[in-house]
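Participant: Based on what follows, work out the 3D shape:
(2 chains)
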Protein chains: 2
Amino acid sequence: MHTVDELVTPAALVEARALEENLATMAAALPGERLRPHVKAHKCTELAKRQRAAGHRGFTCATVREVEGMVAAGLGGDLLLANEVLDTRRVGALVADGARVTLAVDSVATVAAAAEGGVREVVIDVNVGLPRCGCAPERAGALARLARERGLDVRGVMGYEGHLMMVQPVEERARLTEDAMKLLLAAHADVGGELVTAGGTGTHALNTWATEIQAGSYALMDTAYGTLGLPFAQALSLLGTVISVTGGDQGWAVADVGLKALGMDHGNPTIPGAAVWYCSDEHVTFAPDAPGSVRVGDRVRVLPAHVDPTVAMHEALYLVDSERVLERWPVDLRGW
Amino acid sequence: MHTVDELVTPAALVEARALEENLATMAAALPGERLRPHVKAHKCTELAKRQRAAGHRGFTCATVREVEGMVAAGLGGDLLLANEVLDTRRVGALVADGARVTLAVDSVATVAAAAEGGVREVVIDVNVGLPRCGCAPERAGALARLARERGLDVRGVMGYEGHLMMVQPVEERARLTEDAMKLLLAAHADVGGELVTAGGTGTHALNTWATEIQAGSYALMDTAYGTLGLPFAQALSLLGTVISVTGGDQGWAVADVGLKALGMDHGNPTIPGAAVWYCSDEHVTFAPDAPGSVRVGDRVRVLPAHVDPTVAMHEALYLVDSERVLERWPVDLRGW
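Facilitator: The predicted model follows:
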């Protein structure tokens, strides 16, 4: 396989130069342990190896499967499973085999599950404003004491300001991030430990209170993050084949990149030089800006609105230099 | 594995009784060759075998991978790839090996690709109102002539009234379906052949003009189709574990069924007895109708809004009788 023309479509492409620049830009902004890259945004150990080569040795995971896959790939030196888990036996088995996995806990039940499953290290997950997981900040100290009583090492606190990632303008995002992190620092004063882990691509440059940032989307990017003016380029696209064209000034074209190949929770994808009408299972229907400019058999590149679920729908990422295929990277961290 | 409590979550469950009733209800309404079940809605050859056992011998596919998997499972006796394909070599190879695969064509280019790739049988795909694939009805006869000149056997016409599936009330859906099928029958008069293939779950009982209906969603169902009053039960649910509860009257709970486990293009899923607030990658945040009724560790069943992309995110379907796991069926038709 030498050129993208030989790929079966839809295919997930990663522009090598954009990826390299994104990794370098982030490593300059948040070097080494200041960044704990979140693998949920790419689910690909080959890409994680590039992040490690850029200087980041700890990683963030969202699922047990991601943890298992990272350990299997030799990347299990310091993994944070930034999520609550009740079925902790699989994590405990990895820890018993020598992997370092720190688990988020936010309740008596999750502390008990961690201790009983053989997990040794935890962070106290604190709600900093996103209505999801995390204990109330004033509960964090008591949970940390409970965890230590159960023999767990409490490495610190975690608080994800996910509700602030897309806030505009940036000054407002910075102000709200400070408010959220004040809650997390208050909890940290009660909890102790070396870690204050938080943040994401949208707040990576603003969140100066966390000891480490959990950004993931920066590596591949998507059109939603693309609206924020961040210093990262769109590295991911979906290659499609135009399979049908209906002519005329009111005409449209159809490519074989549908909603089974695209995370749709952030809305429609973007096709440069065209207006996207809608997606169905295996199709995107779009109107080219220049009617008549698209022909059956043409290849198009479709930009996803949300990188994380998009990547999770694909078996592989193809690293490309424009038209040339450099490598095939399995998306090996899918499933649960 | 004996009970659903032992499953890793999220897990896709199929209630055996609901599935059986759905298959039986459809087989009574559209027996034998009156239905050509669409496998894109379940991507599972074990489920397709149940549909064959219910009397349907031909199947509809949306992707080459689906065709390949159906042939490998011994279900390649009469497959319709109801989509335009430019890279026809994989289909041609299956045909050369003895599978019967009929391909949709809607242009000079797709006719040429079919002939050059070794495809022997086609249907002329006709636009009946959905802005997607399909030639204009008045072009169908000329395309059929071209296909026959290229040595292809033209089995008839196809026209998917997908834009009408959700139209309410049903009388309006019936009226518009008739209008759409008049276009298809006019094309059929010019094309000839034994097949007039069309329809879906939403029009299966209304579309009396097609010789066969391509319904797929009826087997597992989803909450969108559930609003139509069709005689099919919700067989598919996602099993989740409650991993976090924030108490109080304004409280909420979080289960580990997120948008990487749910097709989101039709909106949020439904949790009986609760209001779903939002989904993130690995979480659904919801408010139980009875505050305090949900605890960490509880299992919940989440009903997807759109079955097709939901199933495509899972490695397996678990056939269950309420709490008991009967079988594990691989979702073996994923990818492209």
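
Participant: hey, let's count contacts and neighbours off CA atoms from now on
Facilitator: OK.

Participant: What about A:Leu220, how many residues nearby?
Facilitator: Neighbourhood size, A:Leu220 [other CA atoms under 10 Å in any protein chain shown]: 26.

Participant: ok now do the closest residue to it other than its chain neighbours, which residues does it touch?
Facilitator: Using CA to CA, 6 or more residues apart in numbering or on different chains and skipping the chain neighbours, the partner closest in space to A:Leu220 is A:Ala235 (4.8 Å). Counting by CA atoms under 8 Å, 6 or more residues apart in numbering or on different chains, A:Ala235 makes contact with A:13-16, A:18-19, A:219-221.

Participant: repeat for A:Gly292
Facilitator: A:Gly292 makes contact with A:247-248, according to CA under 8 Å, 6+ apart.

Participant: how near is it to chain B?
Facilitator: 15 Å (CA to the nearest CA, to the nearest Å).

Participant: quick one, what contacts the closest residue to A:Met70 other than its chain neighbours?
Facilitator: Excluding its sequence neighbours, the residue lying closest to A:Met70 (CA to CA, 6+ apart) is A:Gly76, at 5.8 Å. Residues in contact with A:Gly76, defined by CA under 8 Å, 6+ apart, are A:67, A:70, A:99-101.

Participant: Could I get the pLDDT score of A:Ala115?
Facilitator: On pLDDT, A:Ala115 comes in at 98.

Participant: That one is in contact with A:Arg150, isn't it?
Facilitator: Yes: the pair A:Ala115 and A:Arg150 qualifies as a contact (CA atoms under 8 Å) at a distance of 6.3 Å.

Participant: Report the mean per-residue pLDDT for stretch A:263-277.
Facilitator: Mean predicted lDDT for stretch A:263-277 stands at 97.

Participant: Flag every buried residue along that stretch.
Facilitator: By neighbour count on 16 or more other CA atoms under 10 Å in any protein chain shown, the buried set for stretch A:263-277 is A:263-271, A:274, A:276-277.

Participant: hmm, back to that, pick the one among the contacts of A:Gly76 closest to chain B.
Facilitator: Distance to chain B, by CA to the nearest CA, is smallest for A:Val67 among the contacts of A:Gly76, at 14.3 Å.

Participant: Nearest spatial neighbour of that closest one, chain-adjacent residues omitted?
Facilitator: Here the residue nearest A:Val67, using CA to CA, 6+ apart, is A:Cys61, at 6.2 Å.

Participant: Surely the one you found touches A:Ala41?
Facilitator: No: taking contacts as CA under 8 Å, A:Cys61 lies outside contact range of A:Ala41: 9.5 Å.

Participant: Give the residue from these two that has the larger number of neighbours.
Facilitator: More neighbours surround A:Cys61 than the other of A:Cys61 and A:Ala41, with 27 against 24 (other CA under 10 Å).

Participant: Quick check: that one vs A:Thr45, distance?
Facilitator: A:Cys61 is 12 Å from A:Thr45, where distance means CA to CA, to the nearest Å.

Participant: On the three-state scheme, the closest residue to A:Ala180 other than its chain neighbours is what?
Facilitator: Closest residue in space to A:Ala180, ignoring its immediate chain neighbours: A:Val128 at 5.1 Å, by CA to CA, 6+ apart. Under DSSP: H, G, I helix; E, B strand; the rest coil, A:Val128 falls in the coil class.

Participant: And for chain A, the residue most distant from the center?
Facilitator: What lies farthest from the middle of chain A is A:Gly248; by CA atoms, centre = their mean that is 41.0 Å.

Participant: okay, now the domains of chain A?
Facilitator: Per the record, chain A has its domains at A:4-11+A:232-330, A:16-220, by automatic domain parsing.

Participant: export the ones you listed to JSON lines and tack on distance to B:Val257?
Facilitator: Below are those laid out as JSON lines (distance: least, CA to CA, whole Å):
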{"stretch": "domain A:4-11+A:232-330", "distance to B:Val257": "13"}
{"stretch": "domain A:16-220", "distance to B:Val257": "11"}
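
Participant: Ok, which of those comes nearest B:Val8?
Facilitator: Among these, domain A:16-220 comes nearest to B:Val8, with 7.9 Å by CA to CA.

Participant: Off-centre distance for that closest one?
Facilitator: Distance, stretch centre to chain centre, for domain A:16-220: 12 Å (CA atoms, centre = their mean, to the nearest Å).

Participant: mind checking the end-to-end distance for it?
Facilitator: Terminal-residue distance, domain A:16-220 (CA to CA): 10 Å.
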